[in-house]
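In: Sequence and predicted model, in that order:
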Amino acid sequence: MGALCGKESKSDAFVGGGRTLDSAPEQRSSAPLPANKRVVGGPPRTLGGGGGTSGAGASNVLTPAEAARRAAEAREQAAKDKTGKLGQQLRQQKGMTDNEVNKQANAENERQRLIRENQEQITYN
């Protein structure tokens with residue numbers, strides 16, 4: 001099949017040697033191996049273990065529970081260090097009991113209701 005009205009190409013893409021369907025493809029050489037192999041060595045280490053000491057000299061290695069406790073304390077301290085209006089309000093609200101929070105929310109709702117009523121009276125609705 002081809003172009004009916006097209007020019008015939010002088011160079012045929014299929015000219016030359018080929019192979020039959022039942023013949024195997026050429027054997028390719030494998031990629032060369034790297035000259036230097038990486039060697040993994042040394043004593044086994046655990047994550048979060050610290051400076052790479054292990055065995056008897058690793059007296060400062062933390063248990064997972066201790067590491068989790070220290071991480072939680074660090075997060076808490078970082079949250080306390082945040083300043084600003086919202087951070088202060090959040091710390092203040094965390095220190096309040098549920099009843100105090102509810103009273104504060106009710107007082108805010110009451111103020112908003114009074115403001116809406118005053119606006120309606122001003123606009124005569």
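Out: Looks like it arrived, so ask away. Residues are numbered from 1 along each chain as shown.

In: quick check: domain ranges of the chain?
Out: Annotated domains of the chain cover 63-94, 97-125 [automatic domain parsing].

In: Show me where the protein has its helices.
Out: 64-81, 85-94, 98-122 (DSSP state H).

In: In TSV, list those helices along with distance to residue 41.
Out: Yep, even glycine has a C-beta here, placed from its N, CA and C like the rest. Formatted as TSV, the helices of the chain follow (distance: least, C-beta to C-beta, whole Å):
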stretch	distance to residue 41
helix 64-81	26
helix 85-94	49
helix 98-122	59
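
In: nearest to residue 30, of those?
Out: Residue 30 lies closest to helix 64-81 among the helices of the chain, at 44.9 Å (C-beta to C-beta).

In: how far off helix 85-94 does that closest one point, in degrees?
Out: 120 degrees (axes from the mean of the first three to the mean of the last three C-alpha atoms, to 10 degrees).

In: Quick one: distance of helix 64-81 to the chain centre.
Out: 20 Å (C-alpha atoms, centre = their mean, to the nearest Å).

In: just checking, what packs against that helix?
Out: With contacts taken as 3 or more C-beta pairs under 8 Å, 6 or more residues apart in numbering; DSSP states H and E, helix 64-81 sits against no other helix or strand.

In: Keeping just the C-alphas, turn it into CSV.
Out: Provided in CSV are the C-alpha atoms of helix 64-81 (Å, rounded to 0.1, in the frame of the first residue of the first chain):
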residue,chain,number,x,y,z
PRO,A,64,11.2,4.7,71.4
ALA,A,65,8.9,5.8,74.2
GLU,A,66,11.4,8.3,75.5
ALA,A,67,12.0,9.7,72.0
ALA,A,68,8.3,10.1,71.5
ARG,A,69,7.9,11.8,74.9
ARG,A,70,10.7,14.2,74.0
ALA,A,71,9.3,14.9,70.6
ALA,A,72,5.8,15.7,72.1
GLU,A,73,7.4,18.0,74.7
ALA,A,74,9.3,19.8,71.9
ARG,A,75,6.1,20.2,69.9
GLU,A,76,4.3,21.6,73.0
GLN,A,77,7.1,24.0,73.7
ALA,A,78,7.1,25.2,70.0
ALA,A,79,3.3,25.8,70.3
LYS,A,80,3.8,27.8,73.5
ASP,A,81,6.5,29.9,71.9
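
In: Thanks a lot, see you next time.
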